[in-house]
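S.K.: fold the following and give me the result.
(one chain, ligands or ions: 1)
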Amino acid sequence: METASWSVLVVDDDPGVRQSLRLCLEADGARVLGVGSAKAAVEALDRARFDVVLLDLWLGSDSGIEAIPDLLRRQPDAAIIVITAFATFETAVEAMKRGASDYLPKPFTPAQVRHAVGRALESVRLKRKLAEAQVRLEQAGADDDCFETESPAFWSVMKLLARAAKSTVPVLLRGESGTGKNVLARWVWMRSPRAEGPFIAVNCPALSVELMNSTLFGHRKGAFTGAISDARGKVQEAEGGTLFLDEVGDLSADAQVRLLRFLNDQTYERVGESKERHADVRIVAATNRALEDDVRAGRFREDLLFRLNVVTLTLPPVRERREDVPGLVKYYLERAKLRQHRPELAISEASERAIAAHPWPGNLRELRNAVERAVILSPGPRIEPEDLGIPEAADPNEPGARGGGGAGEVALGADVSLEALEREHIARVIARAPTLEASAKILGIDSTTLQRKRKRYGLT
Ligand SMILES: Nc1ncnc2c1ncn2[C@@H]1O[C@H](COP(=O)(O)OP(=O)(O)OP(=O)(O)O)[C@@H](O)[C@H]1O
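M.R.: Prediction:
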């Protein structure tokens with residue numbers, strides 16, 4: 001079946017079943033490990049990477065179904081195929097809900113096992129290829145950035161930004177996740193008189209509260225346990241250039257005080273030192289939160305907000321710049337075709353309709369990932385909606401097409417797959433809930449399952 005090295009974890013309390021699956025899959029070139037309990041499966045996944053897990057649903061006193069989330073938490077990109085002698089539709093649905101990718105009823109033939117594992121392996125490889133492509137895309141940055149626009153909302157942002165770029169005043173970029181705040185922060189720097197200086201980006205939520213001040217402002221040797229030598233902070237690294245504070249609302253109270261002082265007179269002190277230092281640094285900050293709410297809740301200093309707010313621009317979400325979508329798709333498509341060596345690939349009319357109807361809650365990031373995904377996945381000469389991972393939209397020329405549907409609407413009971421319904425529902429809940437935790441709560445699933453589903457549906 002496969003020549004490259006691949007691995008399967010068989011989880012079954014019956015040694016006979018483990019042995020026969022091992023023989024069948026090893027004959028095809030798999031590395032197979034058999035274990036008899038959910039606990040042993042978890043330990044195996046902690047120790048080594050597996051492509052496919054064949055999981056019996058009845059493991060003596062353990063329940064295979066219960067174990068699925070735990071197994072996926074360890075290796076989210078592994079495919080789990082559940083096997084059981086008690087095949088019922090309900091257990092299959094339950095297993096899928098918890099993240100299994102397929103279902104194999106006992107008794108099964110070697111051919112059925114090979115077929116199911118082969119399919120799972122293919123999807124695991126595609127998933128990994130997509131994840132790698134996504135990482136490469138995020139790293140590629142400027143190569144794929146497009147600032148042409150037909151949207152009055154985006155146009156006025158760009159016009160103001162171009163003016164602000166020439167000065168040294170702080171800029172605050174607001175907007176939903178994926179609207180391009182990081183990209184525009186760089187854009188400002190590149191068009192500013194400080195383009196020759198450094199661009200230093202700090203992702204504030206990634207900093208631990210304990211190390212936030214020292215990361216930003218540096219520290220003196222011995223200032224705290226682990227401070228084994230003097231260290232300069234990001235502010236000093238950004239001397240003569242621009243310091244970009246992404247998700248600035250996540251700064252600790254103490255770091256907010258230090259930043260406010262720095263914005264007032266460009267002075268600061270390293271942690272554990274009383275010597276006043278000076279740096280010539282322009283601050284660009286971004287947030288996808290309503291900082292005014294944080295001010296009201298006492299989480300963010302109002303005086304700091306006023307200082308950061310000198311030029312504030314709110315980037316419109318994709319649903320409010322729909323006129324740009326066809327141009328952006330064309331732009332992403334041309335580049336993705338070059339990258340993936342598929343110059344002949346075209347886009348179907350059904351895909352164009354689906355793209356126009358989809359709400360794109362993940363904004364530009366989601367749009368670009370969907371196009372890249374489609375260029376990788378599309379088996380034929382034309383990209384179809386399923387390659388993009390978005391639901392089909394009704395054809396207005398077809399008799400019986402539903403009228404009055406808003407952007408991206410998927411009607412209950414219409415000709416749509418359960419998967420499309422689930423995707424759409426998750427996308428909408430994420431778009432309106434304040435946090436991912438809140439979204440998970442509304443959806444009745446845990447945050448890890450939500451993360452996995454977001455990844456699967458490209459809802460980044
Ligand atoms: N001007 C642009 N042209 C084309 N694609 C863009 C542009 N801006 C952003 N993108 C795409 O969207 C992705 C996300 O952009 P970016 O990280 O700047 O968004 P963000 O608003 O900072 O998101 P987050 O709040 O999640 O950090 C980029 O990697 C890129 O694929």
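
S.K.: check Phe154 and give its pLDDT.
M.R.: Looking at Phe154, its pLDDT is 95.

S.K.: now do Arg220
M.R.: We note a pLDDT of 92 for Arg220 in this prediction.

S.K.: for it, give its distance to Arg174.
M.R.: Using Cβ to Cβ, to the nearest Å, we find Arg220 at a distance of 36 Å from Arg174. Every residue, glycine included, has its C-beta placed from N, CA and C.

S.K.: with Ser417 instead?
M.R.: Going from Ser417 to Arg174 by Cβ to Cβ gives 36 Å.

S.K.: would you mind listing the buried residues in the longest helix that the chain contains?
M.R.: For the chain, the helix with the greatest residue count under DSSP state H is helix 110-140. Buried residues in helix 110-140, counted by 16 or more other Cβ atoms under 10 Å: 113, 116-117, 120-121, 124-125, 127, 130, 133-134, 137.

S.K.: C-terminal to the particular helix or strand that has Leu216 in it, what's the next element?
M.R.: Here Leu216 is covered by helix 209-217, with elements defined by DSSP states H and E. Scanning forward in sequence from helix 209-217 by DSSP H and E, the next helix or strand is helix 234-237.

S.K.: now do the buried residues in that next one.
M.R.: Residues of helix 234-237 classed as buried: 234-236 (neighbour count, 16+ other Cβ under 10 Å).

S.K.: got the contact list for that helix?
M.R.: Here helix 234-237 makes contact (Cβ atoms under 8 Å, 6 or more residues apart in numbering) with 198, 200, 202, 215-218, 243, 262, 268, 277, 279, 281.

S.K.: and the residue of the chain that's closest to the ligand?
M.R.: The minimum distance from the chain to the ligand, using Cβ to the nearest ligand atom, falls at Gly180 (2.8 Å).

S.K.: how about the residues of the chain by the ligand?
M.R.: When proximity is defined by Cβ under 6 Å from any ligand atom, the chain lies next to the ligand at 137-138, 144-147, 175, 177-183, 286, 288, 364-365, 368.

S.K.: mind checking which of the residues you listed land in strands?
M.R.: Ala286 (DSSP state E).

S.K.: out of the residues of the chain next to the ligand, which are buried?
M.R.: The buried subset of these (16+ other Cβ under 10 Å) comprises 137, 144, 146, 175, 177-183, 286, 288, 364-365, 368.

S.K.: of the residues you listed, closest to Arg49?
M.R.: Leu137 (23.6 Å; Cβ to Cβ).

S.K.: need the pLDDT of the closest one.
M.R.: For Leu137, the model assigns a pLDDT of 65.

S.K.: and Gly405, by the same measure?
M.R.: Taking Gly405 on its own, its pLDDT is 36.

S.K.: for the helix holding Leu216, buried residues please.
M.R.: Here helix 209-217 shows 212-217 as buried, counting by 16+ other Cβ under 10 Å.

S.K.: any idea of the mean pLDDT for it?
M.R.: For helix 209-217, the mean per-residue pLDDT is 91.

S.K.: then it to PDB, C-alphas only?
M.R.: Provided in PDB are the C-alpha atoms of helix 209-217 (Å, rounded to 0.1, in the frame of the first residue of the first chain):
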ATOM      1  CA  VAL A 209       3.800  38.100  33.400                       C
ATOM      2  CA  GLU A 210       7.000  37.600  35.400                       C
ATOM      3  CA  LEU A 211       9.300  38.200  32.400                       C
ATOM      4  CA  MET A 212       7.200  40.800  30.600                       C
ATOM      5  CA  ASN A 213       9.100  43.800  32.000                       C
ATOM      6  CA  SER A 214      12.500  42.300  31.500                       C
ATOM      7  CA  THR A 215      11.600  41.200  28.000                       C
ATOM      8  CA  LEU A 216      10.500  44.700  27.100                       C
ATOM      9  CA  PHE A 217      12.900  46.900  29.100                       C
END
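
S.K.: which strands and helices lie in contact with that helix?
M.R.: On a contact count with 3 or more Cβ pairs under 8 Å, 6 or more residues apart in numbering; DSSP states H and E, helix 209-217 meets helix 234-237, helix 253-265.

S.K.: how about a cut-off of 10 Å?
M.R.: Judged by 3 or more Cβ pairs under 10 Å, 6 or more residues apart in numbering; DSSP states H and E, helix 209-217 is in contact with strand 199-203, helix 234-237, helix 253-265, strand 267-268.
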